[in-house]
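Engineer: Generate coordinates for the sequence data below:
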Amino acid sequence: MNNINETARMIAHSLLDHEKKNGEITEEVILSIIEKVSAIDIIPNQQINKEDLFEVLMSDLSIGQGSITSMTNDIEPWLNEEKVNIDFELWNRYKLYLKEKDKSFPIPSLDDFTDKILDKCVNPKQKGSWDRRGMVVGHVQSGKTSNYVGLINKATDAGYKLIIVIAGTISSLRRQTQERIDSGYIGRNSSLYLRNKGENRIKGVGKYKVKTDIYPLTSSYYLKGDEGDFSTKQLHNSNIPIGKNPVIFVIKKNKTILENLIDWLSLNENIKTIEGRKKLMNIPALIIDDESDYASVNTTKDINEVKTINKLIRILLNLFDQNTFIGYTATPYANLFISQEYNDDLTTYIKGKEYYIGDDLFPQHFIVNIKAAKNYIGASTLFGLEDPTLEENKEPLDIFRPIYSDEYNPPLFEKINKHNKDDLPEYLPDSLKFAIKSYILTCTIRRLRGHEKKHNSMLIHVALYVKWIDRVALLVNELIKEFTNSIEANDAEFIEEMREIFESDFKPTTKNVLENLSYKDNRIKTHDWQDVKREIRTAIKKFDVRAVHGTTSLSKIDYHNISNIDYERHENGLSVIAIGGGKLSRGITLEGLSVSYYLRTTKMYDSLMQMGRWFGYRPGYVDLCRLFTNNRIFDWFNHITMATEEMRNDFDIMCSQNLKPKDFKLKVRNHHGLLAVTSVSKLHWSTNIKISFSGTNLQTYLINKDFDSINNNFKQLQYLSKRLRNPQKINKRGKLRYLLFKNVDIGPITEFINGISINSPHINKQVITDYIELQKVNNNIKEWTICIVSNTDKEVGFYANKEDMKNKIKTKGTPRQYSLISDGKDFNITCSIRNQTEPSEQYKITKNQIDDLVDRKIDLKNQDLESNKLIKSERKKEGKGLLLIYSLDERGTNNLDNNTPIIGYSIHFPEIENETKTSYTATIFDDFDEEVMPDDENPENE
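Structural biologist: From the prediction side, this is the model:
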């Protein structure tokens, strides 16, 4: 930050101090203060950067910076009392380093989060033997590495002497992690230090002097493979002692590496044999397992059969007399099903020596849930998922671009198998060409916003085969040359194509984002085509196409630009198009990722979520981001992220009830959102899952729109209304709003649910109705209400065609009505409009479009409830279930002319104490293959 902005920052803080006395500091208050400061002539002829100042003040005041919740197993806090005895010199220099890199980095939040996590670890000064297991759950691409690097700094200040970071299974990911730890913790180039006998080339935090020297025992060095990973020979030559100064290893989850490390540690002078077990004494160790859901979890049912990586990590932990183990992940499903039973006498041999395997890796002592900052682009932003803490929910951001199979198949295939794996593409599909043109515009517009030195990335993920990755990279590189030549030649046809994409796609999307973004981002602005046109040539000149796979022999491939994507070596910004498979799908961070073209399918919760590299922070350019994939993948993502968000909400509720990690394990096991997840079969409880719907809300946000389904569902509603008695009318603005049936028997409810034609991964009709019937037997739900909702609007707005939907142009019309008979009386019900959010084979609407706050409390005695949280609490108190039924106008989706309402429903279950759960035998969600193509692009995996 330059002098004028630093002065402006101080002035703003003095004005904000006055504002604090008048109430809460909000984004609007900060913006008004910035306007006041900008009116002051601080330095003649110099202007403050309002956007930078806004970001810095938001960070200083920790506004919208997320929060943290935790669940523990009788852990005694120790950090607050001990702080007075700790010199946080390493943490303080890490803070300075982060602030220098990015003035708006949310350091206060990181300080708070890492304090709370460190407090869950054992005090390293505690005497005696100790072993602690925990887990930190973050979000995909949400700053996880910054978090644990901050934790490592604080843990070392507190007294931990040995740090081991297990950084995934892929060499490039391990090296990337090592480089971040070099910069954020060690302070020197680890590669030069180990290879050149102590050469001390300063890096990152190293520019700030401290008393503590940190010794790396692995490095970022690579020549052909991953020579910087753990090497016994390298360490014998380095003569670095363990137990005095802090030392750190960054290693892969690799059988040979882990065995060599265990063997090397077992030769240490501090090793003692206690009750027949080797123990490394008086060296407090912090072991962090990055991507802890991947490869670390034992997938065998028999506790006496242990998978290799799981076994070796357990032996490593068991080798230390004092250790804290923390698994970091964004997808904790597998971790939560780790067995808490183990055979304490189980042993194995490594290099001729016997070792006890020890306890499994279940996070029995603590789980920490990190809620992302307000400006994190995650599930709710992309899919429009409801936030239970808000009264209103906005539409999803308009950045998903569906691609249909006839737009890529061939030359690309969604499923590559033994039958088509040799049918390499000879050309690129138009949908991918369009995505690349969008990326060109994204990079261009970012330059107009002052991001000319920022990194830009595009992800293309269509295969795991090396020869496919190689061929696609070759074709993309040729296409970039062709586009560059067209721009250089000022080709009128190509320039017009780019203008059309800008005018029809980018401008309306920016408008949509500005209207629907849930936080302030003053860097997002609209632009004129002439300004964009002037920057295109400069933007595309920086493009670099990389093939990302595990093959290093150039003789086996046609496209030779396979070097690692090293952003640090490009001070003026790297604009890269990365084509790859497994290496791109997990762990590796693509800086400034804006455009993703994604076809590979998998139905595994954790794998699919980790592939979502498009999640993350996108300051100043979220409106320029695009996700190109097919509707099937997008819908599956939608289901997964909804289940994940519900799981996180459950976690927060359980935290407030002081429950323990083992309780959360049971809760997730019984979560209805897991019904369609294949990975349950690997967790050995698939034959008898106990499903719970307690306190949940099931909604038909995906509705079939074939004639037979629509006709059937409307007949089901007609039949239901005829069976019901004592209808109660509730009017609004002189029109029927609700047709209410109170204290109904469950028979009509279960018949209606079973009769509706629905094809949605989160709806299993038989399981739902079985659950309702079980609660009836045990009198767990005191009363059921059915409410048929009617629209009271004078007119409705809908998209008349796909072009209008794309441009957000609505046609006004008169609401449509239909008639229902109940108790011998006719009732005219008016259809609601729920406009389809994006093209899909099904009628897809966002989850928060189904029902609203008033609908959800219509059956409750207490109507003075202004949030979902309060409604759920009251529903639990009154013990009532609610079935809301909606009739939707077919004009809300395209290509329908049946003159028949489309029926959807929303079920609200009360939270039930000591409920009776439904037994369910898991089945595979057949829409995706378990593994649609073999993986030959990552040969380093063990």
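
Engineer: Give me the residue ranges of the stretch 501-650 of the chain where confidence is low.
Structural biologist: Filtered on pLDDT under 70, the stretch 501-650 of the chain yields the residue ranges 582-588, 600-614, 639-640, 642-643.

Engineer: where along it do the strands fall?
Structural biologist: Shown for the stretch 501-650 of the chain, the strands assigned by DSSP state E, counting those that start in this stretch span residues 543-548, 575-580, 593-598, 616-617, 626-629.

Engineer: Any chance of JSON lines for the ones you listed, columns distance to residue 804?
Structural biologist: All C-beta spots, glycine's among them, are computed from the backbone N, C-alpha and C. Below are the strands of the stretch 501-650 of the chain laid out as JSON lines (distance: least, CB to CB, whole Å):
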{"stretch": "strand 543-548", "distance to residue 804": "34"}
{"stretch": "strand 575-580", "distance to residue 804": "33"}
{"stretch": "strand 593-598", "distance to residue 804": "25"}
{"stretch": "strand 616-617", "distance to residue 804": "32"}
{"stretch": "strand 626-629", "distance to residue 804": "21"}
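
Engineer: how about the ones you listed in CSV, adding mean neighbour count and distance to residue 444?
Structural biologist: Listed next are the strands of the stretch 501-650 of the chain as CSV, based on neighbours: other CB atoms under 10 Å; distance: least, CB to CB, whole Å:
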stretch, mean neighbour count, distance to residue 444
strand 543-548, 22, 11
strand 575-580, 25, 10
strand 593-598, 26, 11
strand 616-617, 18, 21
strand 626-629, 22, 14
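
Engineer: Contacts only, for residue 381.
Structural biologist: Counting by CB atoms under 8 Å, 6 or more residues apart in numbering, residue 381 makes contact with 396, 397, 518, 622.

Engineer: And the closest residue to residue 562 other than its chain neighbours, how far from residue 558?
Structural biologist: Once flanking residues are discounted, residue 562 sits nearest to residue 547: 5.0 Å by CB to CB, 6 or more residues apart in numbering. Relative to residue 558, residue 547 is positioned 9 Å away (CB to CB, to the nearest Å).

Engineer: Same question for residue 109.
Structural biologist: Relative to residue 558, and taking CB to CB, residue 109 is found at 47 Å.

Engineer: picking that back up, the residue nearest to residue 562 contacts residue 580, doesn't it?
Structural biologist: Yes - checked against CB atoms under 8 Å, the pair residue 547 and residue 580 is within contact range at 6.9 Å.

Engineer: Mutual contacts of these two, please.
Structural biologist: residue 469.

Engineer: and residue 95, how many neighbours?
Structural biologist: 20 (other CB atoms under 10 Å).

Engineer: And it, which helix or strand is it part of?
Structural biologist: In the assignment (DSSP states H and E), residue 95 maps to helix 89-101.

Engineer: try residue 233
Structural biologist: Using DSSP H and E, the element containing residue 233 is helix 232-238.

Engineer: Helix or strand next in line after that helix, which one?
Structural biologist: Sequence-wise, the next helix or strand downstream of helix 232-238 (DSSP H and E) is strand 247-251.

Engineer: okay, that next one in PDB with CA atoms only?
Structural biologist: The C-alpha coordinates for strand 247-251 follow below in PDB (Å, rounded to 0.1, in the frame of the first residue of the first chain):
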ATOM      1  CA  VAL A 247      12.600 -29.400  11.900                       C
ATOM      2  CA  ILE A 248      10.000 -30.000   9.200                       C
ATOM      3  CA  PHE A 249       9.300 -32.700   6.600                       C
ATOM      4  CA  VAL A 250       6.900 -32.300   3.700                       C
ATOM      5  CA  ILE A 251       6.300 -35.800   2.200                       C
END
